[in-house]
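Colleague: generate a structure from the sequence data that follows.
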Amino acid sequence: MEKTPGVYVREINTLPASVVPISTAVPVFIGYTETAGVARELDYQAVKISSLLEYEQSYGKAENQALIVSVEDSLAVGVTVDTANASPYHMYYQLLMYFLNGGGPCYVISVGAYKSSAPLVVRNELDETIDVASGSIGGLAVARKIDEITLLVFPDAPGLGDSDYYSLYQDALKQCGELKDRFTLIDVKDPVSVSESGASVSAVDAFRGTTSFSGIGSNHLSYGAAYYPRLSTSLSYQYDADGLGTDTMTFVSAGVTLSDSEVAALRDNTAFVASLERLIPQLHVELEPSGAMAGIYAQTDRARGVFNAPANISLNSVVAPTIKITDEEQQDFNVHSTGKSINAIRAFAGRGVLVWGARTLDGNSNEWRYVSVRRFFLFVEESLKKAVEPFVFEGNNESSWLRIRGLIENFLTDQWRAGALFGATAEQAFFVNLGLGSTMTANDVLNGRLIVEVGLAAVRPAEFIILRFTHKIQDA
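Modeller: Residues are numbered from 1 along each chain as shown. Sure thing, here's the model as predicted:
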């Protein structure tokens, strides 16, 4: 109340509160890095970056890849990956694929430096001891605290033993199901104890648990999507260029490993060095698809909206899938007796390498079968949750109910106009129920429970387009 003469200004709010949409594609990459815990104390911390340069400044680069160099007449004539000593650390390459395929800001959680040898034990910020073999699970506990994260990516998961691999992804899906604000990208890997032959069958069967392997569990399947196979990229392996691979290259001539003196002579041979430097960039890095897929998710969300399927999109910096999948084989990928759908990445003539699947792991669910539907609901749920938080401790009465209803309806109307919801009118696309006798009883009101019920008619992808043809009979 005014107590002295004068002019008083009163601002009147005429615009209703609005819902601020959350960011939908903010991944966290959890794995091993070059300098974490060595140059800087960054292990078991979530660090946000916006470019590969920022990553390099904090974490370094990739581990030098062990290579086998074939020598003939004092010239390098071939280079292959030393599979027996191949680096299991793919964080750097996966982040590079993420940014090349449209990725933006993301988080990195390092769970240790390269060459951390078992049984080394590290301690995360939750004061829990984590065995290095399953260190990513400790990083997952750190990620739980970061509300902005919406995607979980594990670049080094394929390098884990089968048991740790399945445990990690099951824990990730569990976290997504409990928090209901994030989604897991899963790489289907070849089991350690299954040979490369017939991998297109063995890897998928082992992942689903239809063989002697335990496979992925059956809980929270709608919160993750699996992709297969590995990709041959256009990236080049990092190697010790200054020392010409003193510790990471094996030199072989006619099947015989060269002696130290013979290798030393080669390093002084200008022609040999030139031929080696020409061959190594031609050796393409093979990677699991999760890093590139995180970029595809970010690209799709930004350009077309989270309600669109991250599929039928070509992958940048990918030469070809390592395994060719046919139409017949993909039928089993999409629909299977276990209900666990797997998304194929395939090469098509004239179109490049495409993401050719848009399903969550929960292939038997009519509600949560599609990635775009599951992620759109996560987006709406989290956006509305944050928008309604200011009403905590407000009066549980008609005034608050009217404001909340208007808030939600305005937001959903915008989503319908953007094409996220199915229906000729907003009334057909969604409903918002709120009020005494509708969603609440008198006992709810007395106990401070304000209950809102929201129904959405989410648009589903046209996964199967059927063209029907018939002969037109010539008119008499």
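Colleague: okay, helices next: where are they in the chain?
Modeller: Using DSSP state H, the helices of the chain run over 52-59, 91-100, 135-143, 162-179, 199-208, 260-267, 270-279, 290-303, 327-334, 371-388, 398-417, 426-429, 442-446.
Colleague: okay, those in a markdown table with mean neighbour count and mean pLDDT next?
Modeller: For the C-beta atoms, the positions are set from N, CA and C on the backbone; glycine is no exception. Formatted as a markdown table, the helices of the chain follow (neighbours: other Cβ atoms under 10 Å; pLDDT from 0 to 100):
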| stretch | mean neighbour count | mean pLDDT |
| --- | --- | --- |
| helix 52-59 | 16 | 94 |
| helix 91-100 | 25 | 97 |
| helix 135-143 | 24 | 80 |
| helix 162-179 | 19 | 91 |
| helix 199-208 | 21 | 74 |
| helix 260-267 | 13 | 87 |
| helix 270-279 | 15 | 89 |
| helix 290-303 | 25 | 97 |
| helix 327-334 | 14 | 87 |
| helix 371-388 | 21 | 94 |
| helix 398-417 | 17 | 93 |
| helix 426-429 | 14 | 94 |
| helix 442-446 | 11 | 93 |
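Colleague: any chance of the ones you listed in CSV, plus distance to residue 252?
Modeller: As requested, the helices of the chain are exported to CSV (distance: least, Cβ to Cβ, whole Å):
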stretch, distance to residue 252
helix 52-59, 33
helix 91-100, 26
helix 135-143, 35
helix 162-179, 32
helix 199-208, 26
helix 260-267, 11
helix 270-279, 13
helix 290-303, 32
helix 327-334, 36
helix 371-388, 46
helix 398-417, 61
helix 426-429, 65
helix 442-446, 76
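Colleague: closest one to residue 31 among those?
Modeller: helix 91-100 (4.4 Å; Cβ to Cβ).
Colleague: give me the angle between that closest one and helix 290-303.
Modeller: 20 degrees (axes from the mean of the first three to the mean of the last three Cα atoms, to 10 degrees).
Colleague: what's helix 91-100 packed up against?
Modeller: strand 27-33, helix 52-59, strand 106-113, strand 231-236, strand 284-287, helix 290-303 (3 or more Cβ pairs under 8 Å, 6 or more residues apart in numbering; DSSP states H and E).
Colleague: residue 170: which of those is closest?
Modeller: With Cβ to Cβ, the closest approach to residue 170 among those belongs to strand 27-33: 14.8 Å.
Colleague: that closest one pairs with which strands?
Modeller: Applying DSSP bridges, strand 27-33 is found paired with strand 106-113 (parallel), strand 151-153 (parallel).
Colleague: and that strand, C-alpha only, in PDB?
Modeller: What follows is strand 27-33, C-alpha atoms only, in PDB (Å, rounded to 0.1, in the frame of the first residue of the first chain):
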ATOM      1  CA  PRO A  27      25.400 -37.200 -25.500                       C
ATOM      2  CA  VAL A  28      28.000 -38.300 -22.900                       C
ATOM      3  CA  PHE A  29      31.000 -40.300 -24.100                       C
ATOM      4  CA  ILE A  30      32.200 -42.600 -21.300                       C
ATOM      5  CA  GLY A  31      35.600 -44.400 -21.800                       C
ATOM      6  CA  TYR A  32      39.400 -44.200 -21.700                       C
ATOM      7  CA  THR A  33      41.500 -41.200 -22.700                       C
END
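Colleague: okay, angle between it and helix 162-179 too, please.
Modeller: Going by the same axes, to 10 degrees, strand 27-33 makes 150 degrees with helix 162-179.
Colleague: walk me through the domains of this structure.
Modeller: 27-237+284-373, 397-476 (automatic domain parsing).
Colleague: can I get these in TSV including distance to residue 380?
Modeller: Shown next, in TSV, are the domains of the chain (distance: least, Cβ to Cβ, whole Å):
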stretch	distance to residue 380
domain 27-237+284-373	9
domain 397-476	7
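Colleague: looking at those domains, which is buried most?
Modeller: Looking across the domains of the chain with neighbours counted as mean count of other Cβ atoms under 10 Å, the highest average goes to domain 27-237+284-373: a mean of 19.
Colleague: how long is it end to end?
Modeller: Length of domain 27-237+284-373, first residue to last, Cα to Cα, to the nearest Å: 18 Å.
Colleague: again, but for stretch 141-154
Modeller: 13 Å.
Colleague: got the contact list for that stretch?
Modeller: 22-31, 44-46, 94, 98, 107, 109, 124-126, 128, 136, 140, 168-169, 172, 175-176, 179, 181-185, 187, 290-291, 294, 297, 378 (Cβ atoms under 8 Å, 6 or more residues apart in numbering).
Colleague: for stretch 184-192, same thing?
Modeller: So stretch 184-192 is in contact with 27, 151-154, 157-158, 161-162, 165, 169, 172-173, 176, 196, 199, 202-204, 206-207, 213, 216, 223-229, 288-290, 293-294, 297, 342, 361, going by Cβ under 8 Å, 6+ apart.
Colleague: out of the helices and strands in the protein, which is least certain?
Modeller: Of all helical and strand segments in the chain, the minimum by mean pLDDT, DSSP states H and E falls on strand 121-123, at a mean of 38.
Colleague: list the residues that contact residue 232.
Modeller: 284, 286, 318-322.
Colleague: pull the most distant pair out of those residues.
Modeller: Longest span within those, Cβ to Cβ: 284 and 321, 12.4 Å.
Colleague: so where's the stretch 101-250 of the chain shaky on pLDDT?
Modeller: 116-137, 191-201, 212-213, 241-246 (pLDDT under 70).
Colleague: if we go to 80?
Modeller: In the predicted model, the stretch 101-250 of the chain carries pLDDT under 80 at residues 115-138, 190-202, 210-214, 240-248.
Colleague: looks like residue 291 contacts residue 97 (just checking).
Modeller: Yes. Residue 291 lies in contact with residue 97 (Cβ atoms under 8 Å); the separation is 4.1 Å.
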